[in-house]
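Asks: Need coordinates for the below:
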Amino acid sequence: MIRRFRHIAVLILLLVVAGIKAKGQEFPWSLQYVTNMNTINPAYVGMWDRAGLLVSTRINWVGIKGSPLTQQFSYYTPIKDQKSGIGVNLQRRNLGLEKSLFLTGDYSYQIRLDVYNYLRFGFRAGFVNYDNNLNAYQLYPDQIPDSEFTTDVRQYFMTVFGVGAVLFDDRYHVSLSIPQIINNTFKVNQNGFSSLHELRTIYLAGGYVIKLPSTIMIRPNLLVVATVGKQVYFDASAIVYLPGDLQFGLNVRSNGAICLSAQYTFKNSIRIGYASEYHVIEDIRKYQLGSYEIMVGYDFNLYRKKNTRPYYF
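Replies: Here you go, the predicted model:
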């Protein structure tokens, strides 16, 4: 037990040092990231004994014209030796007239530290195509043309490269990832244009499964999102696992939002999840009707091996 917490303390120290000069910003990720950590950290790819497919759709700020829409498809699988895994991600993001299409591949490798603890490293590489039709924006309130909106922004095959690490056993996990290390620069800098694709964001996360005397389990989690020069963002959550493959989640976020989620697993293979997010701050809530996400996953035993690792994250 002492050795286990020693490993955790060392990794947390490294995470703090890495993030000392970073300040955070809200960055798009799944509302149900807690049970799909591979969406923000490539080190989780292939961690489980099963391969799987994941499809999700999320719409933010319903009721606002041009609100963010994110759609994602992922495939992940362990390699037969179970020490490594691979994955493929296809993601489309729309925000107003801004459109992004990501295609990335993930690779992870696992090291056994002792009887209980493991350390996985992950790498993500790919590209993103970006399109923003600035000419089509209607300027408010006087509709007078603005020279800063006379050039459309189209840039293809911008490089994506990210890294991640996770320390874990069957009950806990501590994660650090930077999904995009490369600072892409747009060619239209004469207009002072910038986008999230130019920002480097650090994700620090952790969770622990608490087994109650009954068959119910609870997993508290914490996520910290940090982007250089921005405000730090926190997400505290708890997942309750009930008998019969049913789970419920509650997230409280530092931007004044609360997220409720539910997920059910059919026959240990098909996962269906739903999540909704609402703002408690009235000045934000009165302009939009919340954010919603639906997720469908299918896990299958590619190598026909007995499952040995619980699917908690």
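
Asks: make it CA atoms for all contacts and neighbour counts henceforth
Replies: OK.

Asks: looking at this structure, which helix or strand does the model trust least?
Replies: helix 2-18 (a mean of 46; mean pLDDT, DSSP states H and E).

Asks: next SSE after that one?
Replies: For helix 2-18, the following helix or strand on the C-terminal side (DSSP states H and E) is strand 51-59.

Asks: ok, and what's touching stretch 257-268?
Replies: By CA atoms under 8 Å, 6 or more residues apart in numbering, the surrounding residues in contact with stretch 257-268 are 31-32, 245-252, 271-281, 299.

Asks: what's the answer for stretch 52-72, then?
Replies: Residues contacting stretch 52-72 (CA under 8 Å, 6+ apart): 30-31, 73-77, 89-97, 287-300.

Asks: before we move on, what about stretch 120-131?
Replies: So stretch 120-131 is contacted by 41-45, 98-111, 152-167, 179 (CA under 8 Å, 6+ apart).

Asks: ok, now stretch 160-173?
Replies: Stretch 160-173 is contacted from outside by 7-8, 11, 41-44, 104, 116-128, 174-182, 206-210, 309-310, using CA under 8 Å, 6+ apart.

Asks: Quick one: buried ones out of those?
Replies: By neighbour count, with 16 or more other CA atoms under 10 Å, those hold 7-8, 11, 41-44, 104, 117-128, 174-182, 206-209 as buried.

Asks: Can you pull the phi/psi pair for residue 282?
Replies: The phi and psi torsions at residue 282 (degrees, to the nearest 10) take the values phi -60, psi -40.

Asks: and it, how far is that from residue 131?
Replies: Using CA to CA, to the nearest Å, residue 282 is found at 33 Å from residue 131.

Asks: Settle it for me: which of those two has more neighbours?
Replies: Under the criterion of other CA atoms under 10 Å, the comparison of residue 282 against residue 131 puts residue 131 first, with 16 against 9.

Asks: Look at that one and report its pLDDT.
Replies: At residue 131, the pLDDT value in this model is 90.

Asks: Next, count neighbours for the closest residue to it other than its chain neighbours.
Replies: Of all residues not flanking residue 131 in the chain, residue 154 sits nearest, at 4.5 Å (CA to CA, 6 or more residues apart in numbering). Residue 154 has 16 neighbouring residues, counting by other CA under 10 Å.

Asks: can you pull the contacts of residue 154?
Replies: With contact set as CA under 8 Å, 6+ apart, residue 154 has these partners: 129, 130, 131, 132.

Asks: what do you get for residue 107?
Replies: Residues counted as contacts of residue 107 (CA under 8 Å, 6+ apart) are 42, 43, 45, 84, 85, 86, 87, 122, 123, 124.

Asks: Chain neighbours aside, what residue packs nearest to it?
Replies: Per CA to CA, 6+ apart, closest to residue 107 is residue 86, 4.5 Å.

Asks: Let me know the secondary structure of that neighbour.
Replies: Classification of residue 86 by DSSP: H, G, I helix; E, B strand; the rest coil places it in strand.

Asks: From residue 276, how far off is it?
Replies: Taking CA to CA, one finds residue 86 at 30 Å from residue 276.

Asks: Of those two, which one has the most company?
Replies: Higher neighbour count among residue 86 and residue 276: residue 86, with 24 against 20, using other CA under 10 Å.

Asks: any idea how far the residue nearest to residue 131 is from residue 200?
Replies: Note on residue 154: its distance to residue 200, by CA to CA, is 21 Å.
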